[in-house]
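# fold the following for me, if possible:
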Amino acid sequence: LMGGAGLAALLSLGAIEWLGRRPRVGHDTATAAVLAAGFGLGLALMSVVQTLAVGRQAGLESLLFGSAAGMLPAEAQMMAGLAVLVLAVVALLLKEFSAVAFDPDFAATVGLPVARLDALVALVCAVVVVAALPIAGFVLAVALVVIPPAAARFWSDRAGTVVAVAAGLGAVSAFTGAALSAVLADTPTGPAIVLVAAALFALSLVFGRARGLLGGRV
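Numbers count the residues shown, from 1 in each chain. Modelled structure (predicted):
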């Protein structure tokens with residue numbers, strides 16, 4: 001299942017990159033179109049699998065909605081390895097990623113491979129989403145990719161600081177959400193983690209030192 005999820009992520013990434021470079025489409029439209037089409041296709045295939053005599057849909061629901069309690073040690077080890085890989089890529093290419101993100105024209109002028117760096121960022125995001133599937137599920141994994149960086153942006157204008165704060169917020173969200181899920185009965189882990197992340201985003205929005213509604217005025 002994880003291998004299939006990874007393959008689907010790579011195919012979706014290729015489709016987004018190809019559509020995003022078409023005139024009058026853009027990456028935002030391409031991302032929305034591929035995401036909607038892929039999710040619809042997945043639900044349709046899930047309905048087909050339910051009618052088959054073999055295989056059934058064992059494990060598919062956990063990929064959609066997450067199942068941290070049923071996570072195997074091998075899955076935890078795989079996620080740890082992927083985390084180390086992602087951290088290494090970000091640490092080695094942070095300056096290049098920042099240049100492409102904030103001024104792609106300048107990045108192209110100084111000779112940076114903008115298209116390849118864009119594709120690498122998208123690939124890293126795909127790896128993170130696939131790694132988060134056993135815990136949070138597909139929908140909530142996407143939220144975990146978006147919320148911590150968005151919250152970190154309220155605290156600093158420096159790329160390195162934003163990355164560090166985003167990592168910290170993600171770690172706090174994961175630990176606190178998992179702890180609440182263990183303490184409170186009938187509280188699923190994935191939604192608990194995302195709700196904690198959303199609460200941290202709200203606090204950052206108000207009190208963030210760089211762009212917060214209150215903190216930014218100081």
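# give me the pLDDT value at Ala152.
For Ala152, the pLDDT comes out at 90.
# correct me, but it touches Gly160?
No: at 11.0 Å, Ala152 does not count as touching Gly160 under the criterion of CB atoms under 8 Å. (Glycine included, C-beta is placed from N, CA and C.)
# which of these two has more neighbours?
For the pair Ala152 and Gly160, the greater number of neighbours falls to Ala152 (24 against 13), based on other CB atoms under 10 Å.
# need the contact list for the more buried one.
Contacts for Ala152 were tallied using CB atoms under 8 Å, 6 or more residues apart in numbering; they are 161-163, 165-166, 169, 204.
# give me the buried subset of these.
Burial by neighbour count, 16 or more other CB atoms under 10 Å: within the contacts of Ala152 this picks out 162-163, 165-166, 169, 204.
# returning to that earlier point: let's have the contacts of Ala152 in TSV, adding pLDDT.
Supplementary listing: those in TSV, determined by pLDDT from 0 to 100:
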residue	pLDDT
Thr161	88
Val162	88
Val163	87
Val165	92
Ala166	90
Leu169	92
Ser204	91
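# which pair of those spans the longest distance?
Greatest spacing in the contacts of Ala152, by CB to CB: Val163 and Ser204 (14.9 Å).
# which SS class is Val48?
Each residue gets one of three states, and Val48 gets helix by DSSP: H, G, I helix; E, B strand; the rest coil.
# so, low pLDDT: which residues of this protein?
Low-confidence segments of the chain, defined by pLDDT under 70, are located at 1-2, 23-28, 50, 52-70, 134-136, 139, 215-218.
# centroid residue for it?
Within the chain, the residue whose C-alpha comes closest to the C-alpha centroid is Val145; the distance, by CA atoms, centre = their mean, is 2.8 Å.
# that one: what's it in contact with?
Neighbour list for Val145: 125, 128-129, 132 [criterion: CB under 8 Å, 6+ apart].
# how about the helices of this structure, start to end?
Assigned helices in the chain, in chain order: 2-20, 26-50, 60-65, 73-102, 104-109, 114-152, 159-183, 189-207 (criterion: DSSP state H).
# put together TSV for those helices, with distance to Leu214 on each row.
Converted to TSV, the helices of the chain look like this (distance: least, CB to CB, whole Å):
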stretch	distance to Leu214
helix 2-20	37
helix 26-50	30
helix 60-65	36
helix 73-102	26
helix 104-109	33
helix 114-152	15
helix 159-183	18
helix 189-207	6
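# what sits up against stretch 180-187?
Contact partners of stretch 180-187, identified using CB under 8 Å, 6+ apart, comprise 68, 188-189, 192-193, 196.
# change it to 7 Å
Contacting residues not belonging to stretch 180-187 are listed as 188-189, 192 [CB atoms under 7 Å, 6 or more residues apart in numbering].
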